[in-house]
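Participant: Show me how the following folds:
(6 chains)
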Number of protein chains: 6
Amino acid sequence: MAGRVKEFNEFRERMDKRILETDHRAIKRFYAVDTLTYEPGALDAKAKEMLGLVASMVLRCDDCISYHIQECKKEGVTDAEMFDVFSVALTVGGSIVIPHLRRAVTFLDELNSNEGE
Amino acid sequence: MAGRVKEFNEFRERMDKRILETDHRAIKRFYAVDTLTYEPGALDAKAKEMLGLVASMVLRCDDCISYHIQECKKEGVTDAEMFDVFSVALTVGGSIVIPHLRRAVTFLDELNSNEGE
Amino acid sequence: MAGRVKEFNEFRERMDKRILETDHRAIKRFYAVDTLTYEPGALDAKAKEMLGLVASMVLRCDDCISYHIQECKKEGVTDAEMFDVFSVALTVGGSIVIPHLRRAVTFLDELNSNEGE
Amino acid sequence: MAGRVKEFNEFRERMDKRILETDHRAIKRFYAVDTLTYEPGALDAKAKEMLGLVASMVLRCDDCISYHIQECKKEGVTDAEMFDVFSVALTVGGSIVIPHLRRAVTFLDELNSNEGE
Amino acid sequence: MAGRVKEFNEFRERMDKRILETDHRAIKRFYAVDTLTYEPGALDAKAKEMLGLVASMVLRCDDCISYHIQECKKEGVTDAEMFDVFSVALTVGGSIVIPHLRRAVTFLDELNSNEGE
Amino acid sequence: MAGRVKEFNEFRERMDKRILETDHRAIKRFYAVDTLTYEPGALDAKAKEMLGLVASMVLRCDDCISYHIQECKKEGVTDAEMFDVFSVALTVGGSIVIPHLRRAVTFLDELNSNEGE
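Facilitator: Model prediction:
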């Protein structure tokens, strides 16, 4: 795990730890719901992660996009499937999504290149 | 097809016809891209319609939600799978999604009840 | 409780019941977090309901606005305080908030008029 | 002025009057800024109303869209120019704009039909 | 005042000065309304700054969040109260708010650490 | 072309090339529609670029704002006209637009300063 990917994950984990240590009940339970949401149910984890990815793209949150791309890859989403998700996000969300798409592909390329190491 | 479902589809079809008859090139091509986006590719139509549904929910567009619920049912998405999609939308988009969820379930119930007729 | 206020509350309660009866774990827990969020903590319920109201206004969700206006009144928020909340929403969210402000004031007036009955 | 157009304008005017009568300083001044914004400056009123229209469409506020369509017509924007504005909104904002586009064209058609009376 | 906090405030002040020097009437008056909005009225400045903070979080604007955290601290908002505000933002706005929450807490921690100097 | 302007354009061009090379039909056609949208029609390219700019500002996408400022300048939009566009964005979109306005003016100043070289 290298470069921006590593930095992204370390910041995320450090701050989530910091936030949960405040022991704020509603915030802690929100985090628990967030985890529960992506566990396999009627849909499997792969389908759910793709749903999380497209939702993040149309809402245009780069960190959420990076996170779900990472989880999608863990669940076996191929690059071709990933671009189908990107395509739905682009059509539904419009050209305003394009800058986020550029950064998403940059992140995906970095993930793929790290795998080869 | 009865009640709100029928009214929704008739308005949609009449206005799309009206809009496309203006023969505005960029608008017509946008509509064509919109259709193309949900055709089977690396992901099948069922997966793509679920992506369209979750994107519509977090962007909180009732008509888009109704439309994709309808298309999801055509592609064989079960009610249990539909609620998994709703759940991702709710977690990603927050409680602001709840009023749209209520209307989505109302529409789904009406679709299901029309089927039984 | 009359007119639109009554209709609004009945629809909300009927559909929440319908949604929770599906027994979808993540959705049920989300609803529980939603309730927990507005319970008194470092801030009292009145302060939290005003936060919920302003958040609903800038995100422009009429049903959420109606709900929080109702809860604000239960917690003793005066009309003058309510307009201070509206003012922050208007400045932060821009003129796009105005149509929602018009409907919010309509709902508030109806609530106030029901009280006098 | 007939049907939905009339109803829309009456509600808008009645509620704006009601809101301004509270004499809330920040809200009143916001309304004044809103008016000032569309007065001719480096750009003329026609250009500014088209800007207001496209902004309302990508933010997906039906009442704001109706209002600016009406103002655009007063400033001499032709239907062909109006559809160019719609096209930019559709491309920037995505397919989520389509239901608002359908209602925008319905409103425009009603305005045009009222003129002929 | 150190690091990111200092840089943030210097950029903000320099650019606001640059923007106001253009002497654009509507922009200048918007800035005046913005200031007026947070002055004590029916609600005190502390309550209004918390409203500004939660609105900024659900609209997901990091700079606005940083600014209102800073103003909240000036008005005596405690860290426990701040997390109650964060909690409302998270529940209303959904998991898409989490990356902004992480950066908000980073900024708050930096503010608190500067105070100790 | 220097500094951030150059970096911005190089990243944009490199990633658009990378994305289009995947040969994803719906994504490629979306890009084509995006280009087509700004070609002169009932409105000229200058008017359309200003529409693209205000839409980008209220949707708060810094990269889209930078891009359209650049295109506006190519089409002969003066700084005074640009600030009229900014003003509409600020009024419609609210104070949440201000941080994007600061960065927009920074970008515009850099463009203007590069011209003088």
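
Participant: Show me the shaky parts of chain A.
Facilitator: A:1-2, A:116-117 (pLDDT under 70).

Participant: so where do the strands sit in it?
Facilitator: With DSSP state E as the definition, chain A shows no strands.

Participant: now the most centrally placed residue in chain A: how far from E:S95?
Facilitator: Nearest residue to the geometric centre of chain A (CA atoms, centre = their mean): A:H68, 1.7 Å. Computed as CB to CB, to the nearest Å, the A:H68 to E:S95 distance reads 10 Å. Any C-beta I mention is one placed from the backbone N, CA and C, and that applies to glycine too.

Participant: what about the residue lying closest to A:T106 once chain neighbours are set aside, neighbour count?
Facilitator: Spatial nearest neighbour of A:T106, excluding adjacent residues (CB to CB, 6 or more residues apart in numbering or on different chains): F:M15 at 6.6 Å. The tally of other residues near F:M15 (other CB atoms under 10 Å in any protein chain shown) stands at 19.

Participant: go on, A:K17?
Facilitator: A:K17 has 9 neighbouring residues, counting by other CB under 10 Å.

Participant: ok, it to chain D distance?
Facilitator: 36 Å (CB to the nearest CB, to the nearest Å).

Participant: A:H100 now?
Facilitator: Taking CB to the nearest CB, one finds A:H100 at 12 Å from chain D.

Participant: Give me the phi and psi for the residue lying closest to that residue once chain neighbours are set aside.
Facilitator: Once flanking residues are discounted, A:H100 sits nearest to A:R60: 5.2 Å by CB to CB, 6+ apart. Per-residue torsions, A:R60: phi 60, psi 60 (degrees, to the nearest 10).

Participant: Do I have it right that A:R60 meets A:G94?
Facilitator: No: if you go by CB atoms under 8 Å, A:R60 and A:G94 don't touch, sitting 10.2 Å apart.

Participant: which one of the two has more residues nearby?
Facilitator: For A:R60 versus A:G94, the count of surrounding residues by other CB under 10 Å is larger for A:G94: 26 against 19.

Participant: List the contacts of that one.
Facilitator: By CB atoms under 8 Å, 6 or more residues apart in numbering or on different chains, A:G94 lies in contact with D:V58, D:L90, D:T91, D:V92, D:G93, D:G94, D:S95, D:I96, D:V97.

Participant: tell me the contacts of the closest residue to A:P40 other than its chain neighbours?
Facilitator: Among residues not flanking A:P40 along the chain, A:K48 sits closest, at 7.6 Å (CB to CB, 6+ apart). Shown in contact with A:K48 (CB under 8 Å, 6+ apart): A:T37, A:Y38, A:P40, A:G41, B:D84, B:V88.

Participant: quick one: contacts for the residue nearest to A:T106?
Facilitator: Residues near F:M15 by CB under 8 Å, 6+ apart: A:R102, A:V105, A:T106.

Participant: Any chance of those residues in CSV with neighbour count as columns?
Facilitator: CSV is the format used below for the contacts of F:M15 (neighbours: other CB atoms under 10 Å in any protein chain shown):
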residue, neighbour count
A:R102, 18
A:V105, 20
A:T106, 16
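
Participant: From those residues, pick the one nearest F:E21.
Facilitator: For these, the minimum distance to F:E21 (CB to CB) is 10.5 Å, reached by A:V105.

Participant: Please look at the closest one and F:I19 and confirm they touch.
Facilitator: Yes: A:V105 is within contact range of F:I19, at 5.9 Å (criterion: CB under 8 Å).

Participant: hang on, the earlier thing: can you turn the buried part of the contacts of A:G94 into a PyMOL selection?
Facilitator: Buried members of the contacts of A:G94, defined by 16 or more other CB atoms under 10 Å in any protein chain shown, are picked up in PyMOL with:
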select buried, chain D and resi 58+90+91+92+93+94+95+96+97
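
Participant: and the contacts of A:G94, which of them are in helices?
Facilitator: In this view, these that belong to helices under DSSP state H are D:V58, D:L90, D:T91, D:V92, D:G93.

Participant: Please verify my assumption that the third one contacts F:E39.
Facilitator: No: here D:T91 does not reach F:E39: they are 11.5 Å apart, not a contact under CB under 8 Å.

Participant: now A:V58: how far from A:G94?
Facilitator: On the measure of CB to CB, A:V58 and A:G94 end up 9 Å apart.

Participant: shared neighbours, the two?
Facilitator: D:G94, D:I96.

Participant: show me where chain A has helices.
Facilitator: All helices of chain A, identified by DSSP H, fall at A:3-20, A:25-37, A:45-58, A:62-74, A:79-93, A:98-115.

Participant: A:L36 and chain E, how far apart?
Facilitator: According to CB to the nearest CB, A:L36 and chain E sit 12 Å apart.

Participant: which parts of stretch A:76-85 are buried?
Facilitator: Buried positions in stretch A:76-85, judged by neighbour count with 16+ other CB under 10 Å: A:V77, A:E81, A:M82, A:F83, A:D84, A:V85.

Participant: Contacts (any at all) between chain D and it?
Facilitator: No: judged by CB under 8 Å from any CB of the partner chain, stretch A:76-85 stays clear of chain D, getting no closer than 14.7 Å.
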